[in-house]
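>>> Next come a sequence and a model predicted from it.
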Amino acid sequence: MDVYTGKWNYTAVGLMTFTKNSGSVFLTQSVDTASYVEVINMGSEVLNIGGLPVKVSGTSLTIPSASDSTTVGGITKKTVCSYEGTITTNKIIIVQSYAGTWSNPAFSGSIGGSVIYTFTR
């Protein structure tokens with residue numbers, strides 16, 4: 001597991017779409033960023049990638065899904081985030097997928113989208 005530890009650069013590219021219950025697109029939020037993260041060996045085939053616990057099985061990654069419920073600016077958002085990924089000694093790819101609902105006093109609808117994280121040394 002130590003072969004993966006250290007500083008990794010990453011890019012994150014994706015899109016989240018907020019759709020009204022009528023089916024029309026209410027809002028899109030794009031993601032396009034680059035930075036770096038520390039990968040730490042947590043033992044027992046588990047890595048910590050920027051605070052995210054990741055189980056490594058060969059070249060496959062298993063990451064627990066997470067749910068979130070927040071209200072900001074009068075909009076309540078409830079989402080479930082799931083992950084899948086692969087790893088080699090020089091590249092990590094994690095796909096983060098979102099699904100959920102949103103509402104405010106006037107409208108409500110669904111949330112969907114994904115972000116692809118590509119980590120390289």
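Thanks, I have the structure now. Numbers count the residues shown, from 1 in each chain.

>>> Centroid-nearest residue for this protein?
residue 96 (3.3 Å; C-alpha atoms, centre = their mean).

>>> For it, give its distance to residue 88.
Here the distance between residue 96 and residue 88 works out to 19 Å (C-beta to C-beta, to the nearest Å). Where you see a C-beta, it was placed from the backbone N, CA and C, and this is true even at glycine.

>>> I'd say the residue nearest to the centre of the chain and residue 79 touch.
No: taking contacts as C-beta atoms under 8 Å, residue 96 lies outside contact range of residue 79: 10.9 Å.

>>> which secondary structure elements does the helix or strand where residue 116 lies contact?
Residue 116 is part of strand 108-120, with elements assigned from DSSP states H and E. Applying 3 or more C-beta pairs under 8 Å, 6 or more residues apart in numbering; DSSP states H and E, we find strand 108-120 packed against strand 6-20, strand 25-43, strand 91-103.

>>> Quick one: work out the angle between it and strand 25-43.
Relative orientation of strand 108-120 and strand 25-43, computed by axes from the mean of the first three to the mean of the last three C-alpha atoms, to 10 degrees: 40 degrees.

>>> which of the residues in strand 108-120 are buried?
Counting neighbours by 16 or more other C-beta atoms under 10 Å, one finds that the buried residues in strand 108-120 are 109, 111, 113, 114, 115, 117, 118, 119.

>>> Tell me the one among those residues nearest to residue 39.
Lowest distance from residue 39 to the buried residues of strand 108-120 (C-beta to C-beta) belongs to residue 119, with 7.9 Å.

>>> Help me confirm that residue 3 is found in a helix?
Yes: according to DSSP: H, G, I helix; E, B strand; the rest coil, residue 3 belongs to a helix.

>>> Next, count neighbours for it.
Residues contacting residue 3 under the criterion other C-beta atoms under 10 Å number 10.

>>> All set, thanks.
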